[in-house]
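Colleague: this one's structure only:
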């Protein structure tokens, strides 16, 4: 019971901070949108070829935005000197991980909810599709699971902002491939069993990284 | 260094040199050329063992990472870091020798073959983890972080491989690196170079770990002299 | 036989990479040993001097 109370306390704290400043979700959405627009110039995105390129553009935008969000969630704690406070909590360190992970997933999902309709309007792709949402949620969870673990380390290095993406992108290659490919297949209108293998891969990645992070987070946040 | 240690070290060096000499003889004078690819197929006998050593090195780093987190003894961190460095060296060799081999055989420097691509992704990740070590000052924190990274990286390897294979099977597969059943003489040559490279890995690992302990000694000496310098000055 | 150049290039690269690594390690070891020796000497002189 204590475990869940700790998690909700951290989640509530992050959500309250976000409600006051509204910085994370707004910067994330604007940044992701910018990436989409820049890709449009680079690839000459049109409605005709949108189905081929759009999934890649969407996931690259989300991945870049995710890196910003994960970095930010720990930088805020560090700058405010709140890391010590979190460490002093009479609970296991994995509680901090889960709380931060949930906050990161929540903020990313909110940003995605803002981007997706715009994305759909720009490239005329159908997004009212349960399978697509499932892929997005699973991909976001996987990306955030690895990202939250690595951000906690990266924030304690000298080159804080750079370290996270160069570690996270190679690790998240399976998530990026699986989400991009299954998004493309869904937009192509392929049946659900075609993307089953990708969903399984995403699930496996999510589980592996959440378990790994739960086991190793005490070693990451130790002083 | 004690006498037993020196003796076994000399034995290892001799064995490695002998084994490499035998392998080179087998590769260039004994084994027949492969029929389709011709003489260039002989890259195979150093390419595959490099891949094996790269994988072995990352596996050793993974085990040492777990060991370090459980025991917190600095020597496991030293072995882990040494192993990652050597693993990166041999992964580089795999990527470059693979490219040089692919050029005449497949008429391209690079294919997004699952094995090759997985090696590239691993290479990038482990180079990044070596960079992270440089960016952390505190020695103990450096060891903890790189232990977690070596565990995460190794666990992720099969997932990366599966993802890339799934991705490639959806696209048409242009080339396969699967060969036909291997001939006995080729198998012998391959086994010999596998042994040579494994011994070479052990040699490099021991040298690199020895270097780490010298670094430790130096740091201790420096610490000692800063601690005692006020009283030492007349 | 026309691909001899590629074979040569591959094996040359492999050996240069390994030897370069060994060379760098040896260099670092030499530097470390020299530094340790100097520090030791300073240390001993200090102890002898103060007595």
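Modeller: On my side now, so go ahead. These numbers were taken from a predicted model, which means no experiment stands behind them.
Colleague: going by C-alpha atoms from here, please, whenever you check contacts or count neighbours.
Modeller: Noted.
Colleague: so how far is stretch A:165-177 from its chain's centroid?
Modeller: Here the centre of mass of C-alpha atoms in stretch A:165-177, compared against the chain's by CA atoms, centre = their mean, to the nearest Å, lies 11 Å away.
Colleague: which strand or helix spans residue 20?
Modeller: Since no chain was named, I'll use chain A. For residue A:20, the host element (DSSP states H and E) is helix A:2-21.
Colleague: try chain C instead
Modeller: Taking DSSP H and E as the criterion, residue C:20 maps to helix C:4-50.
Colleague: got the angle for the helix or strand bottoming out on mean pLDDT in chain B vs helix C:4-50?
Modeller: One helix or strand of chain B scores below all others by mean pLDDT, DSSP states H and E: helix B:184-232, with a mean of 86. Angle of helix B:184-232 versus helix C:4-50, following axes from the mean of the first three to the mean of the last three CA atoms, to 10 degrees, is 20 degrees.
Colleague: tell me the contacts of residue A:132?
Modeller: Residues in contact with residue A:132 (CA atoms under 8 Å, 6 or more residues apart in numbering or on different chains) are A:183, A:186.
Colleague: helix/strand/coil for it?
Modeller: Local secondary structure at residue A:132 is given as helix here, using DSSP: H, G, I helix; E, B strand; the rest coil.
Colleague: by contact count, what packs against the helix holding residue C:20?
Modeller: Judged by 3 or more CA pairs under 8 Å, 6 or more residues apart in numbering or on different chains; DSSP states H and E, the packing partners of helix C:4-50 are helix B:74-106, helix B:184-232.
Colleague: if we use 10 Å, what do you get?
Modeller: helix B:44-71, helix B:74-106, helix B:184-232 (3 or more CA pairs under 10 Å, 6 or more residues apart in numbering or on different chains; DSSP states H and E).
Colleague: select, out of these, the one closest to chain A.
Modeller: When those are compared by CA to the nearest CA, helix B:44-71 sits nearest chain A, at 7.3 Å.
Colleague: specify the angle between the least confident helix or strand of chain B and helix B:74-106 in degrees.
Modeller: Using the same axes, to 10 degrees, helix B:184-232 lies at 140 degrees relative to helix B:74-106.
Colleague: now helix B:184-232 against helix B:44-71, angle please.
Modeller: With the same axes, to 10 degrees applied, the angle from helix B:184-232 to helix B:44-71 works out at 40 degrees.
Colleague: so is helix B:184-232 next to chain C?
Modeller: Yes. Applying CA under 10 Å from any CA of the partner chain, one finds that helix B:184-232 is in contact with chain C at B:200, B:204, B:207-208, B:210-212, B:214-215, B:217-222, B:224-225, B:228-229, B:231-232.
Colleague: redo the helices and strands packed on helix C:4-50 as a markdown table? Include distance to residue A:80 and mean neighbour count.
Modeller: Supplementary listing: the helices and strands packed on helix C:4-50 in a markdown table, determined by distance: least, CA to CA, whole Å; neighbours: other CA atoms under 10 Å in any protein chain shown:
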| stretch | distance to residue A:80 | mean neighbour count |
| --- | --- | --- |
| helix B:44-71 | 29 | 21 |
| helix B:74-106 | 32 | 22 |
| helix B:184-232 | 33 | 17 |
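Colleague: phi and psi next, for residue B:72.
Modeller: phi 60, psi 40 (degrees, to the nearest 10).
Colleague: list the contacts for the residue nearest in space to the middle of chain B?
Modeller: The residue lying closest to the centre of chain B (CA atoms, centre = their mean) is residue B:87, at 2.2 Å. Residue B:87 makes contact with B:50-61, B:81, B:93, B:122-123, B:126-127, B:201 under the criterion CA atoms under 10 Å, 6 or more residues apart in numbering or on different chains.
Colleague: what of residue A:59?
Modeller: A:32, A:36, A:65, A:136, A:139, A:140, A:175, A:176, A:177, A:179, A:180, A:183.
Colleague: and what of residue A:62?
Modeller: Going by CA under 10 Å, 6+ apart, residue A:62 touches A:28-29, A:31-33, A:35-36, A:56, A:68, A:108-109, A:111-112, A:115, A:136, A:139-140, A:143, A:176.
Colleague: could you report the neighbour count for residue A:2?
Modeller: Applying other CA atoms under 10 Å in any protein chain shown, we find 11 residues neighbouring residue A:2.
Colleague: typo on my end, it should be residue C:34
Modeller: By other CA under 10 Å, the residues close to residue C:34 number 12.
Colleague: gap between it and residue A:55?
Modeller: As judged by CA to CA, to the nearest Å, residue C:34 and residue A:55 stand 58 Å apart.
Colleague: run through the contacts of residue A:59 and flag the ones next to chain B.
Modeller: Within the contacts of residue A:59, those near chain B by CA under 10 Å from any CA are A:175, A:176, A:177.
Colleague: count of residues packed around the second one?
Modeller: A total of 23 residues lie near residue A:176 under the criterion other CA under 10 Å.
Colleague: average pLDDT across the helix holding residue C:20?
Modeller: In this model, helix C:4-50 has a mean pLDDT of 88.
Colleague: just stretch A:31-49 next, same as before
Modeller: Stretch A:31-49 comes out at a mean pLDDT of 81.
Colleague: any low-confidence regions in chain B?
Modeller: By pLDDT under 70, the weakly predicted segments of chain B are B:1-2, B:169-181, B:228-234.
Colleague: again with chain A
Modeller: Where chain A drops to pLDDT under 70, the residues are A:1, A:45-48.
Colleague: from the contacts of residue A:59, pick the one nearest residue B:145.
Modeller: Within these, the smallest distance to residue B:145 is 22.7 Å, found for residue A:175 (CA to CA).
Colleague: what's the burial count for residue 43?
Modeller: Unless you meant another one, I'm taking chain A. A total of 12 residues lie near residue A:43 under the criterion other CA under 10 Å.
Colleague: not quite, go with chain C.
Modeller: 18.
Colleague: with adjacent residues omitted, what lies nearest to it?
Modeller: residue B:225 (7.2 Å; CA to CA, 6 or more residues apart in numbering or on different chains).
Colleague: spit out the contact partners of the one you found.
Modeller: Contact analysis of residue B:225 by CA under 10 Å, 6+ apart lists B:219, B:232, C:39, C:40, C:42, C:43, C:46.
Colleague: check residue B:29 too.
Modeller: Taking CA under 10 Å, 6+ apart, we find residue B:29 in contact with residue B:23.
Colleague: so it: helix, strand or coil?
Modeller: Following three-state DSSP, we place residue B:29 in the helix state.
Colleague: how far away is it from residue A:34?
Modeller: Residue B:29 is 60 Å from residue A:34, by CA to CA.
Colleague: with residue B:151 as the reference, name the closest of the helices and strands packed on helix C:4-50.
Modeller: Between these, helix B:44-71 lies closest to residue B:151; by CA to CA that is 4.9 Å.
Colleague: same for the closest one, what does it pack against?
Modeller: If you count contacts as 3+ CA pairs under 10 Å, 6+ apart, helix B:44-71 packs onto helix A:196-220, helix B:3-25, helix B:74-106, helix B:114-135, helix B:139-170, helix B:184-232, helix C:4-50.
Colleague: of all those helices, which one is nearest residue A:169?
Modeller: Closest approach to residue A:169 among the helices and strands packed on helix B:44-71 (CA to CA): helix B:114-135, 8.3 Å.
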